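# When you get a sec, could you give me coordinates for this:
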Amino acid sequence: MTMTKIASLGAIALSIGVTTASALTVEEAKSQGYIRAATANEVPYSYMQPDGTSAGIGPDVANAVLKSMGIEEVNWTVTPFGTLIPGLKARRFDFAAAEQNISPERCKQVAFTEPNSSYGEGLLVKKGNPKGLTTYADIAKDPSLKVAVVSGANNVDFLRAVGVKDEQIVFIPANADAIPTVQSRTDAYAATELTVSELAKGQANVEQVAPFKDPVVNGAPVRNYGGFAFRPEDKELRDAFNTALVAFRETDDYKKILGKYGLSEQSIAATAQKNVADLCAGK
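Down below sits the predicted model:
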C-alpha cells in the first residue's frame, strides 16, 4: 500500500524542475504516479502526523477519492493557511485539501469542488471566560477588547460584519499561536467550532466558549462549507475529482471519516444542503 508523503516546498521545486503553465489532467497524474496536495496543518481539518502521513477531514477524504480515480499516491506539503491559494496559483502543489470555506472572494481565484464539510464558528478565551463572551458581536460592544484570527481565514469577515473594528483584530500566522496569544495579548481567538474545540482540549488556562451563538450575517446564522481548491485551468482534473467526491459523500466511509474528526450528524447532513455554485455566488 502506498503511503502518503510530506515534502517541503523547496524539495518539491527541486523534484519537478521547471514548471509549466499547462493544465494537469487525470491521465497525467496517473502517468507520473502521484499528485501533489497541500495542508495548512490544522487539526482536525488537515494536518501531518509525526510519521509523515496525512490526516484530517480533507486529506482522509481526498486520499479515498483519488484512490477511486486510480491515483494511488499523494505527495503532501505543509504551508501556512494564508499561502494556500497563492501557492496553488504558483503551481507549488496541485490542489489544497485544507477545508477552506467556499466564499465568493476565494472563488474568484480558485475552482472549488462541491462542499466536503460544514461547520460553525467558535471562540477560545481565558479560563472562566472573564469577559463573558457568547458571540462575536459581544466583542464589537466593547472597543477595548482584542480578538485574534489567523491571517487569511474568513473568520475576520464575520467579525467585521458584526461590527468588530480592525483595531480590535490581531492577526496571527497559525492556530498554534492561538493559545499563547489569548494568554498574553488578546481577549479571545476566533475560529471554527472544531478548531477551537481541539485547541481547548486538556488546557488549564483557556477554554471554548459554550454555549456559543453563531454570528448572524445578512439575516442568517453563519455556517462554513469547506471544499477542495484547484486551479481554474485544471478543469478536467477538478471536474473528475468533484464527480468522485459527490459519489463518495453518499457512502458510509465518508460519514465515518467526518464523524471520526468530531462532526455531528447534523453537520455531515448539512454538507450536501448547499452547492458550490450558490456558495460562490454568496447565496
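
# what comes up buried for stretch 235-244?
Buried positions in stretch 235-244, judged by neighbour count with 16 or more other C-beta atoms under 10 Å: Leu237, Arg238, Ala240, Phe241, Asn242, Ala244. For every residue, glycine as well, the C-beta is placed using N, CA and C.

# Low-confidence regions, the protein specifically.
Within the chain, the ranges that satisfy pLDDT under 70 run 1-21.

# related to what we said a few turns ago, make a markdown table out of the buried residues of stretch 235-244 and add secondary structure.
As requested, the buried residues of stretch 235-244 are exported to a markdown table (DSSP: H, G, I helix; E, B strand; the rest coil):
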| residue | secondary structure |
| --- | --- |
| Leu237 | helix |
| Arg238 | helix |
| Ala240 | helix |
| Phe241 | helix |
| Asn242 | helix |
| Ala244 | helix |
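
# Columns distance to Lys274 on top of those residues, output as JSON lines?
Shown next, in JSON lines, are these (distance: C-beta to C-beta, whole Å):
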{"residue": "Leu237", "distance to Lys274": "23"}
{"residue": "Arg238", "distance to Lys274": "18"}
{"residue": "Ala240", "distance to Lys274": "22"}
{"residue": "Phe241", "distance to Lys274": "18"}
{"residue": "Asn242", "distance to Lys274": "14"}
{"residue": "Ala244", "distance to Lys274": "19"}
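
# quick check, nearest of those to Thr134?
Asn242 (37.7 Å; C-beta to C-beta).

# what's the nearest residue to that closest one if we skip its chain neighbours?
Distance criterion C-beta to C-beta, 6 or more residues apart in numbering; nearest residue to Asn242, sequence neighbours excluded, is Thr113 at 4.4 Å.

# from memory the one you found sits against Phe241, does it?
Yes: contact criterion C-beta atoms under 8 Å: Thr113 and Phe241 qualify, at 6.3 Å.

# Overlap in contacts, these two.
With contacts taken as C-beta atoms under 8 Å, 6 or more residues apart in numbering, Thr113 and Phe241 have Phe228, Phe230 as neighbours in common.

# re earlier: ok, how many other residues are close to the residue nearest to Asn242?
Thr113: 23 surrounding residues under other C-beta atoms under 10 Å.

# what's the answer for Lys213, then?
Quick note: Lys213 (other C-beta under 10 Å) scores 14 neighbours.

# And what about it, helix, strand or coil?
Classification of Lys213 by three-state DSSP places it in coil.

# what's near enough to touch it?
Going by C-beta under 8 Å, 6+ apart, the list of residues near Lys213 reads Thr134, Thr135, Pro221.

# In CSV: the residues you listed, plus neighbour count, distance to Ala29 and secondary structure.
Listed next are those as CSV, based on neighbours: other C-beta atoms under 10 Å; distance: C-beta to C-beta, whole Å; DSSP: H, G, I helix; E, B strand; the rest coil:
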residue, neighbour count, distance to Ala29, secondary structure
Thr134, 14, 47, coil
Thr135, 17, 44, coil
Pro221, 11, 39, strand
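
# Closest one to Ala55 out of these, please.
Nearest to Ala55 among the contacts of Lys213, with distances taken as C-beta to C-beta, is Pro221, at 29.5 Å.

# how about the closest residue to the closest one other than its chain neighbours, phi and psi?
In space, and not counting its chain neighbours, Pro221 is closest to Asp214: 4.3 Å by C-beta to C-beta, 6+ apart. Dihedral pair for Asp214: phi -60, psi 140, per degrees, to the nearest 10.

# Next one: Asp214 from Asn155, what distance?
11 Å (C-beta to C-beta, to the nearest Å).

# Which residues are in contact with each of the two?
By C-beta under 8 Å, 6+ apart, the residues touching both Asp214 and Asn155 are Glu121.

# quick one, strands of the stretch 1-150 of the chain?
Applying DSSP state E, counting those that start in this stretch to the stretch 1-150 of the chain gives strands spanning 5-6, 35-39, 47-48, 54-55, 74-78, 95-101, 111-112, 117-119, 121-126, 147-150.
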